[in-house]
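> structure for this input, please:
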Amino acid sequence: MSATQFEIRAGAYFDSVILMQLQKALAALPGVEDAGVVMATPANRDVLLSTGFDLAGIEAKADDLLIIVNGADDAAAQAAIGQVDSLLQRRRATTAQDFRPRSLAAAARNLPAADWVLISVPGRYAAEVADEALELGKHVFLYSDNVSLDDEIKLKTKAAERGLLVMGPDCGTAIINGIGLGFANRVRRGNIGVVAASGTGLQAVTVGVHRRDGGISQAFGTGGRDLKAEVGGRTALQALAYLAADEATSVICLISKPPSAEVAARLLTAARQVSKPVVVNFIGFAPPARQLGNLHFALTLDEAAELAVGLAGDVSAVAEQPEPLNGYLRGLFSGGTLAYEMVLGLQSFLPLKTNVPIRPDQKLADVWHSEGHTIIDMGEDDFTQGRLHPMMDNDLRLRRLRQEAADPETGLILLDVVLGEGAHPNPAAELAPAIAAVDKPVVVLLLGTPDDPQGLAYHVEAFAAAGATVVPDTNGAVAHVLDRLPASVDTG
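Okay, the predicted model is just below:
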């Protein structure tokens with residue numbers, strides 16, 4: 001008979017990578033049916049409940065580590081809990097040879113030529129570390145989230161005063177001098193520069209440029225809040241000014257999730273002053289025209305890449321069309337901007353529910369349960385508190401994939417898979433068998449380049465062999481969905 005055992009470690013904090021590895025190691029032990037290793041936040045408790053764990057009688061605080069195991073019997077569950085320390089010790093032993101400076105100043109002394117500091121620490125410490133980096137005269141790539149708006153404004157103001165750049169907080173992607181930071185694809189060097197308040201938006205555009213034989217000079221991330229009214233586009237304006245003056249950049253792309261109208265106007269005014277073509281894709285922003293002087297407005301991320309390459313003198317490519325099918329769409333995304341763009345592309349044709357709504361009526365009541373045509377960004381806070389981002393950990397998406405496949409109302413399942421530096425080393429190894437096991441059609445929006453470490457061709461073949469239709473961008477995904485699913489006459 002199944003049994004549950006748990007352990008609470010008060011005030012214990014571990015990096016989310018270690019938590020993921022420990023959970024997978026526990027789940028692989030003999031007699032273990034499932035395991036959860038999370039910081040005991042309310043959101044993570046909801047995740048455990050939704051995936052079948054019994055939390056009755058478990059009193060843990062948000063800053064406590066909760067380890068819970070469902071075993072075939074009590075002995076198996078208890079034995080697994082007893083393995084926790086040895087599994088953690090094994091992880092420490094594998095990293096014992098790494099160089100670990102005791103301070104940022106020590107790291108800077110060890111690498112005096114380094115211009116950038118990459119910061120990924122809990123949000124409550126991130127602003128202090130970023131400020132120290134600025135004091136050392138370093139640019140900052142701030143991956144950490146949960147940084148206050150006031151701290152973001154202070155950091156970006158200080159950086160601008162010192163001629164430095166702060167990308168972030170919650171900045172996941174950049175390409176600097178050909179080197180990818182965070183989640184980035186291996187793209188060729190070239191004359192197209194990118195400024196993006198969107199991680200997967202930046203990836204979609206740079207991959208689209210690469211597919212069309214173009215190349216990237218620099219690609220700056222800004223963090224998702226940079227184009228909000230309070231922040232005022234500080235990093236975006238700095239990055240735009242840099243690319244405007246950069247002799248290696250001939251064309252500039254500005255990419256963002258829905259920006260503040262005030263900041264969008266400010267950024268477009270600055271872009272009008274640039275003596276280079278500027279391609280603009282602000283998702284959800286109604287452009288005044290398709291072209292206004294040197295500004296070229298794109299309606300999708302892929303069109304932004306196509307326009308940029310065309311303006312830079314390169315040749316564009318055409319996506320294939322999918323086959324028709326009826327049913328409800330269930331989109332399970334790891335990339336927030338890709339989810340936004342799918343909502344934008346489909347909302348005039350299908351009545352959508354989503355946790356990243358563009359209109360109030362699109363808001364999904366319960367993120368753990370789909371209704372009708374549903375698009376879920378599983379990189380949102382409900383799914384990531386105390387857990388790795390779904391670009392690194394497929395666990396929750398695999399569970400949701402099985403849940404949607406079991407729903408008789410599901411007609412088509414759509415997944416995005418984002419390759420590149422920092423992402424899961426082999427997403428197909430986990431996702432392809434799950435796709436093959438379900439009896440519903442699956443479309444995979446596969447974002448990557450042939451040079452990415454995971455292998456683009458391998459992933460195309462693996463997903464196709466599993467029975468999925470593979471498309472390279474949201475344009476193809478939108479076209480495929482609209483070809484296969486019935487349109488709605490009245491979507492508001």
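> in this protein, which residue is most central in space?
Nearest to the centroid of the C-alpha atoms of the chain, with distances taken as Cα atoms, centre = their mean, sits G335, at 4.0 Å.
> now for it: which residues touch it?
Contacts were defined as Cβ atoms under 8 Å, 6 or more residues apart in numbering; by that measure G335 touches G199, T200, Q203, A204, D377, G379, M391, D416, V418, L447. No exception for glycine: its C-beta is placed from N, CA and C like everyone else's.
> can you tell me which of those residues end up in helices?
Of the contacts of G335, the ones assigned to helices by DSSP state H are G199, T200, Q203, A204.
> follow-up on the earlier one: neighbour-wise, which one of the contacts of G335 leads?
For those, counting by other Cβ atoms under 10 Å, the largest number of neighbours falls to Q203: 36 neighbours.
> one step back: among the ones in helices among the contacts of G335, which two are most distant?
G199 and A204 (9.7 Å; Cβ to Cβ).
> who touches both of those two?
G335, T337.
> give the contact list for E59.
The neighbourhood of E59, defined by Cβ under 8 Å, 6+ apart, consists of I8.
> do the same with S2
Taking Cβ under 8 Å, 6+ apart as the criterion, S2 is in contact with E33, N70, G71, A72, D73.
> gap between it and G82?
Separation of S2 from G82 (Cβ to Cβ, to the nearest Å) stands at 18 Å.
> where does the prediction get shaky in the stretch 351-492 of the chain?
Within the stretch 351-492 of the chain, the segments meeting pLDDT under 70 span 486-492.
> ranges for the strands of it?
Taking DSSP state E, counting those that start in this stretch to define them, one finds strands in the stretch 351-492 of the chain at 352-354, 373-377, 410-418, 442-447, 469-471.
> now the fourth one and strand 410-418, what's the angle there?
Strand 442-447 runs at 20 degrees relative to strand 410-418, counting by axes from the mean of the first three to the mean of the last three Cα atoms, to 10 degrees.
> mind checking which of the strands of the stretch 351-492 of the chain is nearest E7?
Closest approach to E7 among the strands of the stretch 351-492 of the chain (Cβ to Cβ): strand 373-377, 31.0 Å.
> list the buried ones in that closest one?
Within strand 373-377, the residues that count as buried by 16 or more other Cβ atoms under 10 Å are H373, T374, I375, I376, D377.
> if I read this right, the third one contacts Q347, doesn't it?
No - with contacts counted by Cβ atoms under 8 Å, I375 stays clear of Q347, the gap being 9.8 Å.
> lowest-scoring secondary structure element of the protein by mean pLDDT?
helix 84-94 (a mean of 75; mean pLDDT, DSSP states H and E).
> please identify the buried residues of the following helix or strand past that helix?
Helices and strands here follow DSSP states H and E; after helix 84-94, the next one along the chain is helix 104-110. Within helix 104-110, the residues that qualify as buried are L104, A107, A108, counting by 16+ other Cβ under 10 Å.
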